[in-house]
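**Student:** okay, structure incoming, though there's no sequence with it:
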């Protein structure tokens with residue numbers, strides 16, 4: 001296997017009776033379900049990253065080699081790349097710091113999750129009752145409200161990780177406003193670098209913390225997946241589940257010709273389930289040469 005420079009995961013998950021991008025207004029979303037002009041429901045890239053980092057937090061907390069690492073809250077991201085996994089993988093912008101020290105481009109990127117076909121939208125009636133009018137005089141009165149939900153969607157999600165940027169800061173040297181050189185500083189060792197890559201991979205198979213309608217459980221765990229360990233930085237394979245068979249074959253052929261390693265999983269196939277694909281990908285990552293730029 002060639003040196004792996006990036007990992008791409010594209011997957012399909014079934015979300016039923018959901019308002020996955022709403023719920024408790026975690027990110028200030030309106031009560032209606034987000035959908036495109038063509039009628040297909042979508043989940044924003046921001047929510048996708050929120051769910052991924054929530055899964056990453058759970059996985060990291062239970063990891064035997066966690067050490068002092070943690071995942072900061074989304075509203076209080078630190079700039080400590082060595083310990084804060086959200087800071088490292090998700091990037092940050094601190095306007096109080098000068099030069100480039102307050103800005104970090106995220107190694108981890110995500111697309112919005114989009115339904116493969118037009119969604120069927122229903123409405124849920126919510127009722128708030130005031131049982132005893134003699135108490136809680138300042139409390140809100142009885143109220144009725146309707147909330148939208150989508151009946152059932154096959155949602156395509158995509159994630160990409162730039163391995164060379166994980167645990168590393170890119171620094172630029174300027175003299176008289178002229179860029180003279182670029183250097184790299186590693187904040188973690190190779191073992192921790194590999195651990196974070198493995199956590200990212202596992203988190204994409206544990207997408208559960210969506211906004212929940214009336215606190216009903218919503219699962220975004222995939223039943224079809226394509227995992228690509230890439231010696232380059234291509235994202236072309238994110239189209240795999242949205243195109244026809246001819247283009248699918250050409251996508252896989254191109255990966256093979258470029259020396260990429262890929263794993264396909266489908267829970268409808270007893271010989272190649274999603275679990276099997278992730279197990280094989282984990283084993284490959286554990287043995288692979290993961291790219292890191294030369295420090296200094």
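**Tutor:** Okay, I see it. These figures come from a predicted structure and were not determined experimentally.

**Student:** make it CA atoms for all contacts and neighbour counts henceforth
**Tutor:** Noted.

**Student:** can you pull out the helices in the protein?
**Tutor:** Ranges of helices in the chain, per DSSP state H, are 45-61, 85-90, 190-203, 245-258, 274-287.

**Student:** for those helices, give me JSON lines that also has mean neighbour count.
**Tutor:** Formatted as JSON lines, the helices of the chain follow (neighbours: other Cα atoms under 10 Å):
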{"stretch": "helix 45-61", "mean neighbour count": "20"}
{"stretch": "helix 85-90", "mean neighbour count": "25"}
{"stretch": "helix 190-203", "mean neighbour count": "19"}
{"stretch": "helix 245-258", "mean neighbour count": "13"}
{"stretch": "helix 274-287", "mean neighbour count": "17"}
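
**Student:** check residue 94 and give its pLDDT.
**Tutor:** Residue 94 carries a pLDDT score of 66 in this model.

**Student:** as a whole number, average confidence for stretch 266-279?
**Tutor:** Rounded mean pLDDT across stretch 266-279 is 94.

**Student:** returning to that earlier point: and residue 295, which of the helices of the chain is closest to it?
**Tutor:** helix 190-203 (12.1 Å; Cα to Cα).

**Student:** list the contacts of the closest residue to residue 235 other than its chain neighbours.
**Tutor:** Spatial nearest neighbour of residue 235, excluding adjacent residues (Cα to Cα, 6 or more residues apart in numbering): residue 8 at 6.9 Å. With contact taken as Cα atoms under 8 Å, 6 or more residues apart in numbering, residue 8 is in contact with 158, 159, 160, 161, 227, 228, 229, 230, 235, 237, 238.

**Student:** which one of those is nearest residue 177?
**Tutor:** residue 161 (31.4 Å).

**Student:** circling back to that earlier point, right, and the helices of the chain - which one's nearest residue 16?
**Tutor:** helix 45-61 (16.9 Å).

**Student:** for that closest one, which outside residues touch it?
**Tutor:** Contacts of helix 45-61 (Cα under 8 Å, 6+ apart): 21, 27, 66, 69-71, 74, 86, 109-113, 199-200, 202-204, 206-210.

**Student:** among the residues you listed, name the buried ones.
**Tutor:** 21, 69-71, 86, 109-113, 199-200, 202-204, 206-210 (16 or more other Cα atoms under 10 Å).

**Student:** ok, the spatially closest residue to residue 81 that is not a sequence neighbour to residue 153 distance?
**Tutor:** When the adjacent residues along the chain are set aside, residue 81 lies closest to residue 88, with 4.6 Å between them (Cα to Cα, 6+ apart). Distance, residue 88 to residue 153, by Cα to Cα, to the nearest Å: 32 Å.

**Student:** run the chain-centre distance for the top strand by length along the chain.
**Tutor:** Secondary structure assigned by DSSP state E gives strand 143-162 as the longest strand of the chain. Counting by Cα atoms, centre = their mean, to the nearest Å, strand 143-162 is centred 14 Å from the centre of its parent chain.

**Student:** do the same with stretch 81-89
**Tutor:** Using Cα atoms, centre = their mean, the offset of stretch 81-89 from its chain centre is 15 Å.

**Student:** then stretch 113-131?
**Tutor:** With Cα atoms, centre = their mean, you get 24 Å for stretch 113-131.

**Student:** how about it: buried residues?
**Tutor:** Those would be 113, 114, 115, 116, 118, 119, 121, for stretch 113-131 by 16+ other Cα under 10 Å.

**Student:** farthest pair in those?
**Tutor:** The farthest-apart pair in the buried residues of stretch 113-131, when distances are taken by Cα to Cα, is 113 and 121, at 16.9 Å.

**Student:** give the closest residue to residue 14 in space, chain neighbours not counted.
**Tutor:** residue 154 is the one closest to residue 14 (Cα to Cα, 6+ apart), at 4.7 Å.
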